[in-house]
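S.K.: quick one: sequence plus predicted model below, questions after.
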Amino acid sequence: MRGRSPRGVLRRLHPLEPSPAPPSPSLLAIEVKGLVKRFEDTVAVAGIDLEVPVGQCIGLLGPNGAGKTTTVEILEGLQTPTAGKVHLLGKGWAHDAKELRERIGIALQETRFAERLTVEETVQLFRSFYTKGLSVEEAIALVHLQEKRRTYTVKLSGGQRQRLALAVALVADPEILFLDEPTTGLDPQSRRALWDVIEALKGKGRTVVLTTHYMEEAQVLCDQVVIMDHGRIVAQGTPSELIASIGAEQIIEFASTPDIPAEALAEVPNLVSTRSRGDGHTLSVKELHTALPGLLSVVAARGARLRHLSTRQATLDDVFLTLTGRALREGESP
Ligand SMILES: Nc1ncnc2c1ncn2[C@@H]1O[C@H](COP(=O)(O)OP(=O)(O)OP(=O)(O)O)[C@@H](O)[C@H]1O
């Protein structure tokens, strides 16, 4: 576990049973005020405020270097802030570290397990660090690894390894679960399997903090999304609120021969913004039914031939592009 120890337990629960005490909507699982973290001349976190009610899944999104990991590691008690306040479940790391370690769980992006232990032995080892929590069988069942219980960790696939990391984070039945890019590098099927596990946790009233580079993942799982850039929160809300905030509902992508100059696209009705790449244009529009015929007229008037045309709903990727002019994932051109 990259030198970190797993975190903790509150009470023993059967995975299929609902939480005995329904979460109080007024209780904040996480409260952050004026958080700043400086590393010599780098400001990794430049003053953020955040409130996460109990039972919510919050997604922290942003490009490489945005400050997500630093923020999350401060929340996890692994780094100390330069300034600002952090409370988890009403407690602070300065005075309540022992209790907090029993009440939060962490699944890292990459977890190295002892190669000579089986899945079952690994979960058993982590379970032994806590006085209370799930049974080993329950934790393994939650991540659907029953068939691999006697398999050595070294023989697991990437997706199975990620699920084992989740089992280890869950074995103490934590109230807040931190998941650092839990599906990075997984195939779509494994990714969806992990989403199901996270949905089930939400169903049990657990609070989940998710960092991800995948917008679709945030859109599916998160009640609240926080988009970070250069250490600041640049946008925050539900996925649909954020998408509505850019004023564009639909995206048209097209390419033509000859190319249409970007200025000519200003004639397209209900246009919100345009982005041009080497071989085509991406238009954000409010109403597809007026914008699309308008675009076709512009293309026809210039005697151009369409090489490609597609439309789609706006996504959180488009929110990020609109706000910062950059793509969320490196290597993807705006
Ligand atoms: N220990 C450190 N010492 C110096 N600078 C650091 C340290 N940790 C992070 N930084 C810097 O702080 C900034 C934020 O880094 P952070 O890892 O929090 O970003 P991130 O959003 O998690 O990025 P990624 O998606 O690549 O993990 C970066 O400029 C990074 O280089």
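M.R.: Received it, and whenever you're ready, just let me know what you need.
S.K.: which residue is the nearest non-sequential neighbour of Gly185?
M.R.: Nearest non-adjacent residue to Gly185, counting by CB to CB, 6 or more residues apart in numbering: Gly158, 5.8 Å away. Heads up, the C-betas are built off the backbone N, CA and C, glycines and all.
S.K.: pretty sure the one you found contacts Pro182?
M.R.: No: checked against CB atoms under 8 Å, the pair Gly158 and Pro182 is beyond contact range at 11.5 Å.
S.K.: more neighbours: which of these two?
M.R.: The neighbour comparison of Gly158 against Pro182 (other CB atoms under 10 Å) goes to Pro182, with 28 against 14.
S.K.: on that earlier part again, how far away is the residue nearest to Gly185 from Leu201?
M.R.: Note on Gly158: its distance to Leu201, by CB to CB, to the nearest Å, is 21 Å.
S.K.: in the lengthiest helix in the chain, what's buried?
M.R.: When the chain is parsed with DSSP state H, its longest helix is helix 188-203. Residues of helix 188-203 classed as buried by neighbour count (16 or more other CB atoms under 10 Å): Ser190, Arg191, Ala193, Leu194, Trp195, Val197, Ile198, Leu201, Lys202.
S.K.: specify which member of those is nearest to the ligand.
M.R.: Nearest to the ligand among the buried residues of helix 188-203: Arg191, at 17.7 Å, using CB to the nearest ligand atom.
S.K.: how about the closest one, nearest residue that isn't a chain neighbour?
M.R.: Nearest non-adjacent residue to Arg191, counting by CB to CB, 6+ apart: Thr183, 4.2 Å away.
S.K.: go on, Arg116?
M.R.: Tyr152 (6.9 Å).
S.K.: in contact with that neighbour, which residues?
M.R.: Taking CB atoms under 8 Å, 6 or more residues apart in numbering, we find Tyr152 in contact with Glu115, Arg116, Leu117, Thr118.
S.K.: hang on, the earlier thing: chain center to the longest helix of the chain, what's the gap?
M.R.: 13 Å (CA atoms, centre = their mean, to the nearest Å).
S.K.: what does that helix contact?
M.R.: The contact list for helix 188-203 (CB under 8 Å, 6+ apart) reads 15, 18, 55, 57, 142-144, 157-160, 162-163, 166, 170, 177, 179, 182-183, 186, 208, 210, 214, 217, 220-221.
S.K.: report the buried members of those residues.
M.R.: Among these, those buried by neighbour count (16+ other CB under 10 Å) are 15, 55, 57, 142-143, 159-160, 162-163, 166, 170, 177, 179, 182-183, 186, 208, 210, 214, 217, 220-221.
S.K.: restricted to helices, list the residues you listed.
M.R.: Those of the buried ones among the contacts of helix 188-203 lying in helices (DSSP H): Leu142, Gly159, Gln160, Gln162, Arg163, Leu166, Leu170, Glu217, Val220, Leu221.
S.K.: keep these, but drop any that are not near the ligand.
M.R.: Among these, no residue lies close to the ligand (CB under 6 Å from any ligand atom).
S.K.: and the two most separated of these?
M.R.: The distance between the two most remote of those (CB to CB) is 21.2 Å, for Gln160 and Val220.
S.K.: helices or strands up against the lowest-mean-pLDDT helix or strand in the chain?
M.R.: Least confident helix or strand of the chain, by mean pLDDT, DSSP states H and E, is helix 316-324 with a mean of 81. Packing contacts for helix 316-324, counted by 3 or more CB pairs under 8 Å, 6 or more residues apart in numbering; DSSP states H and E, involve helix 215-221, strand 224-229, strand 232-237, helix 239-245, strand 271-277.
S.K.: tell me the angle the last one makes with helix 316-324.
M.R.: Okay, so that is strand 271-277. Strand 271-277 runs at 90 degrees relative to helix 316-324, counting by axes from the mean of the first three to the mean of the last three CA atoms, to 10 degrees.
S.K.: note down every partner strand of strand 271-277 and its orientation.
M.R.: For strand 271-277, the paired strands and their directions (DSSP bridges) are strand 280-285 (antiparallel).
S.K.: return the set of buried residues in the helix or strand that comes right after the partner strand.
M.R.: Of the helices and strands lying after strand 280-285 in sequence (DSSP states H and E), the nearest is helix 288-301. Buried residues in helix 288-301, counted by 16+ other CB under 10 Å: Leu288, Ala291, Leu292, Gly294, Leu295, Val298, Val299.
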